[in-house]
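Asker: task: produce atomic coordinates for the following.
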Amino acid sequence: MTTPMTLVVGDPANNQLGRVQSVYRTALEAGYRPRVLTTVRGTTTWAPLRGSDVDLVLERVDPRHLPAALAAGTGPVVVVKPRWDSLGALMSATGGAPPAGPVVVDVDDPDLEELRADVRRQFRTSPGRAVVRWRRYARMRSAVRAHTCTVSNPVLHRTYGGLVLPHARPDRGPGLPHTTQQPTVAFIGSPKPHKGLDLLRAAVARLAHLGYRLVVTAEPVGPVPPWERWTGPLDEASSMELLQTSDVVALPSLDRGWGRAQLPMKLVDAMLAGRAVVASRIEPISWALAGSGVLVAPGSETELVDALVAVGDPHERQRLGDRARQLALGTFTPAALAPTLLRAVEEAARRLP
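Answerer: Residues are numbered from 1 along each chain as shown. The predicted structure follows:
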């Protein structure tokens, strides 16, 4: 009989659901029977994961009923993300008293750091609200440090300690063999400002005369030149199909804000699919690739163009893709990461009185 586990999560309408899915799949591989609870009601599911495995098990509960919902289960609790709609919901519902079993707090992004930076800016325009938010985030920061943590990358580990639990992604097999001399470059995910899409568009435009093409999984912004294709947001299956048929996956993240401590999930997908990766030389990305991709200085259009030229050779793309895939199979699958989650729960259990 498997041991139950409860994941307490925030708003499933945004991309934090991707991390929830990662932890959920790792928990299954570790032998748990996970359920997923959120106190956020009245929102839809994030479009890429609508109808997915984690969407199907998601339970929405009234915040007042969260203590009863937690009491109805046994086993460890994993709070995914130190945000007010996840960790804050647990703290509010329990009055600060933790559940009876082990509690692990999972941190996969610099959420608190960026939210606190936003509050500092808000002090100039709305000081009363800023004070409330500042105290809230200070409470959550203290709560994170009081619990066993899992973090997605070494940058966050320096801040929070705990165990490094990167994104776990299933192995769907390698993508198409690399053969063409006119590669398609894929930008997969949402085009948030720190992800450097404008830089990538400029770089591919300089190579369009060589047959380079760019595909972006978002709604188009402004005029679309003939070498670009914008698909709009895709569900998980369609996104993976596009990735596996692309030649290069580009992650030109900027060295600022969220980008500095973020491990992009699509990086792991690209590695498992055996795609050639061109990415910014930012610590979490460099750590994950471990030499299996081409790194460029963040914000450098010239280096990005040079890197894309370097992976124009299909033999070089195949070499990089094969190396990245082998690395990812031993590092970023649910089976590879299940022992880390088990260790985190064991450590949390040792903290119990």
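
Asker: would you map the helices across the stretch 151-300 of the chain?
Answerer: Assigned by DSSP state H, counting those that start in this stretch, the stretch 151-300 of the chain shows helices spanning 154-160, 197-207, 236-245, 265-272, 283-289.

Asker: reformat these as a markdown table; add mean pLDDT.
Answerer: Formatted as a markdown table, the helices of the stretch 151-300 of the chain follow (pLDDT from 0 to 100):
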| stretch | mean pLDDT |
| --- | --- |
| helix 154-160 | 95 |
| helix 197-207 | 97 |
| helix 236-245 | 93 |
| helix 265-272 | 97 |
| helix 283-289 | 97 |
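
Asker: now mean neighbour count and distance to P110 too, for those, in TSV please.
Answerer: The way it works is simple: take the backbone N, C-alpha and C, and place the C-beta from them, glycine included. What follows is those, written out as TSV (neighbours: other Cβ atoms under 10 Å; distance: least, Cβ to Cβ, whole Å):
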stretch	mean neighbour count	distance to P110
helix 154-160	17	7
helix 197-207	19	20
helix 236-245	17	24
helix 265-272	26	15
helix 283-289	19	10
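
Asker: to I188, which of these lies closest?
Answerer: Taking Cβ to Cβ, helix 265-272 is the member of the helices of the stretch 151-300 of the chain nearest to I188, at 4.7 Å.

Asker: how much space separates the closest residue to P220 other than its chain neighbours from Y212?
Answerer: What sits nearest to P220 in space, not counting adjacent residues and going by Cβ to Cβ, 6 or more residues apart in numbering, is W230, at 4.0 Å. Between W230 and Y212 the computed distance is 16 Å (Cβ to Cβ, to the nearest Å).

Asker: and L295, by the same measure?
Answerer: 19 Å.

Asker: kindly report the same for A237.
Answerer: Taking Cβ to Cβ, one finds A237 at 26 Å from Y212.

Asker: do D62 as well
Answerer: In terms of Cβ to Cβ, D62 sits 52 Å off from Y212.

Asker: neighbour count: the two, which is higher?
Answerer: Shown here are D62 and Y212; by other Cβ atoms under 10 Å, Y212 has more neighbours (22 against 11).

Asker: do I have it right that the more buried one meets A186?
Answerer: No. Contact between Y212 and A186 fails when scored by Cβ atoms under 8 Å: they sit 11.7 Å apart.

Asker: relative to helix 197-207, how tilted is the host helix or strand of V305?
Answerer: Assigned by DSSP states H and E, V305 belongs to helix 301-310. Going by axes from the mean of the first three to the mean of the last three Cα atoms, to 10 degrees, helix 301-310 is angled at 60 degrees with respect to helix 197-207.

Asker: mind listing what the residue lying closest to R35 once chain neighbours are set aside touches?
Answerer: Excluding the flanking residues, the one nearest R35 by Cβ to Cβ, 6+ apart is T6, at 5.7 Å. By Cβ atoms under 8 Å, 6 or more residues apart in numbering, T6 lies in contact with P34, R35, V36, L37, A69, L70, G73, G75, P76, V77, V78.

Asker: state the helix or strand in which T6 lies.
Answerer: Judged by DSSP H and E, T6 forms part of strand 3-9.

Asker: having no further points to raise, I will conclude here.
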